[in-house]
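Asks: Predicted coordinates and the sequence they were generated for:
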Amino acid sequence: MNQPQALLLTLACEVPVLLALAHQHVGAKIPVKQTTAAPQHRRWWPPVLLAAIAASCFTHPLAWHAASVLAADEYRRGIWLIEALVVLAESLVYSLLLRPGWRHALLWSALANGTSFGL
């Protein structure tokens, strides 16, 4: 698998998880207001979608490169360190762009990355 394919797989795994977690936190709190346009409760997801894509597009190439330079005997330990740094970096992106609080941002990042890490 090459890096662009791996990025697409990462996005396919992580974006739905982040959307579901953010919906529980933010989307459920937005009041439903019926108008002739789209209901108000649907408007929470575009910034979440953009933040999820931005975070992965920022960290994935860096993690891919870091993993590619690990020696065979370093890989098992190194990949865990790389993934931990990715979780921290993406939680910072979520925290800055979505403002869910650092605990939620860290949890969201850990759960989203956990879905794609084992693939």
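Replies: Thanks, I have the structure now.
Asks: Pass me the low-pLDDT residue ranges in this structure, would you?
Replies: For the chain, the stretches with pLDDT under 70 are 26-42.
Asks: Now do the helices for it: every range, in order, please.
Replies: Along the chain, counting by DSSP state H, helices occupy 3-25, 45-68, 75-98, 102-117.
Asks: The nearest residue to residue 116 once chain neighbours are set aside: neighbour count?
Replies: Spatial nearest neighbour of residue 116, excluding adjacent residues (Cβ to Cβ, 6 or more residues apart in numbering): residue 13 at 3.9 Å. (Each C-beta comes from the backbone N, C-alpha and C, glycine too.) When neighbours are defined as other Cβ atoms under 10 Å, residue 13 has 18 of them.
Asks: now do residue 112
Replies: 27.
Asks: shouldn't it be in contact with residue 48?
Replies: No. In this structure, residue 112 is not within contact of residue 48 by Cβ atoms under 8 Å, at 11.1 Å.
Asks: For these two, list the residues in contact with both.
Replies: Here residue 112 and residue 48 have residue 18 as joint contacts, going by Cβ atoms under 8 Å, 6 or more residues apart in numbering.
Asks: right, so the helices of the chain: which one is the most enclosed?
Replies: helix 102-117 (a mean of 19; mean count of other Cβ atoms under 10 Å).
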